[in-house]
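Enquirer: after the sequence you'll find the predicted model.
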Amino acid sequence: MEKSAKIYIAGHRGMVGSAIHRKLIQEGFENILVKTSSELDLRDQQAVRSFFETERPDYVFLAAAKVGGIMANNIYRAEFLHDNLLIQNNVIDSAYRNDATKLMFLGSSCIYPKLAPQPLQEESLLTGLLEPTNEPYAIAKIAGIKMCEAYRSQYGCNFISVMPTNLYGPNDNYDLNNSHVLPAMIRKFHEAKEENKPFVELWGTGSPLREFLHADDLADACYFLMQNYNEPGFLNVGVGSDVTIKSLAELIQNVTGYEGEIRWNTDKPDGTPRKLMDVSKLHGLGWIHRVELEDGIRITYQDFLQKIETYAV
């Protein structure tokens, strides 16, 4: 990407989009386009088309999406499918119609079958049934991948897709009703410490294995791939190692300084037994993560503390 290029980040206020924004500024890019959802509703086809016709960005990072954890995915099934399909269809198509040089679509590791062989290889896509609790979101993301591939095949667009593993970091969502597991734990342990609660209740058994990538590492990978990857197949982005939810909880308990008990509510779902990404293709291109999990959690906890009033009960 040329330093003078016009770059549009869809979803710049979210955890991923804001990390990409920070990365581009660090690298000296100044011609960066951003719009809040109130300024540009990406679900509105005509509004998106008008924006692209006026601005004609050279590069597009499509990081905008309706996201959430197990509870939100399971409750708002129609919204997760409908809104994400509209967002990605409008942005991808408008990028093509206005001759964008390159577009990057950001998906999710939930696209893989629930019981796909571990670690998850890119070739496992569409080889089995999805995890039921987040199936609508996963179907939308799969559609985004296939849309990029179809536009590449039919129109010659240099549209690429990356599938990050579980993410965390600054600007994460700490709302207990619709956040992911790591930020939800940070809030639960912090509040339990502040309120001197004797125990913290967590969902499931603690046995599922999960991989976690810091948002700044994802942004670094996206910047690297936007410059160095131009192939039709999507790429996994992760760290290549995982931890049990129980180990994660104990790590966050230590970082937050909570000294009470952890109780596991086994009546609640565990979700997918394991999600570890095979990142050998990404490593083969020369990129590897830098932020280790405990360091990243400490950074994220400080971010939470700065936003604590927003999430006051």
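Expert: That came through, no problem. Computed from a predicted structure; not experimentally measured.
Enquirer: what segments of this protein are strands?
Expert: 7-10, 32-33, 59-62, 102-106, 159-164, 166-168, 199-203, 209-210, 212-214, 235-237, 243-244, 261-265, 274-275 (DSSP state E).
Enquirer: now the fourth one against strand 159-164, angle please.
Expert: With axes from the mean of the first three to the mean of the last three Cα atoms, to 10 degrees as the basis, strand 102-106 and strand 159-164 are set at 30 degrees to each other.
Enquirer: just the C-alpha atoms of strand 102-106, please, in CSV.
Expert: C-alpha atoms of strand 102-106 as CSV (Å, rounded to 0.1, in the frame of the first residue of the first chain):
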residue,chain,number,x,y,z
LYS,A,102,-7.8,-4.4,-2.8
LEU,A,103,-10.2,-5.4,-0.1
MET,A,104,-9.7,-7.5,3.0
PHE,A,105,-12.7,-9.3,4.6
LEU,A,106,-12.3,-10.3,8.2
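Enquirer: neighbouring strands of it in the sheet, and parallel or not?
Expert: Counting by DSSP bridges, the strands paired with strand 102-106 are strand 59-62 (parallel), strand 159-164 (parallel).
Enquirer: S94: which of those is closest?
Expert: strand 59-62 (8.9 Å; Cβ to Cβ). All C-beta spots, glycine's among them, are computed from the backbone N, C-alpha and C.
Enquirer: go through stretch 86-104 and flag the buried ones.
Expert: Of the residues in stretch 86-104, 86-96, 98, 100, 102-104 count as buried by neighbour count, 16 or more other Cβ atoms under 10 Å.
Enquirer: what distance separates that stretch from the middle of the whole chain?
Expert: With Cα atoms, centre = their mean, to the nearest Å as the basis, stretch 86-104 stands 19 Å off its chain's centre.
Enquirer: before we move on, what about stretch 156-175?
Expert: Taking mean C-alpha positions (Cα atoms, centre = their mean), stretch 156-175 and its chain are 3 Å apart.
Enquirer: stretch 235-248 too?
Expert: 14 Å.
Enquirer: re the thing from before, just name the most buried of the strands paired with strand 102-106.
Expert: strand 59-62 (a mean of 26; mean count of other Cβ atoms under 10 Å).
Enquirer: wait, which of the buried residues of stretch 86-104 is closest to N177?
Expert: I87 (21.3 Å).
Enquirer: contact partners for the closest one?
Expert: Contacts for I87 (Cβ atoms under 8 Å, 6 or more residues apart in numbering) come out as A10, L42, R43, L62, A64, A65, K66.
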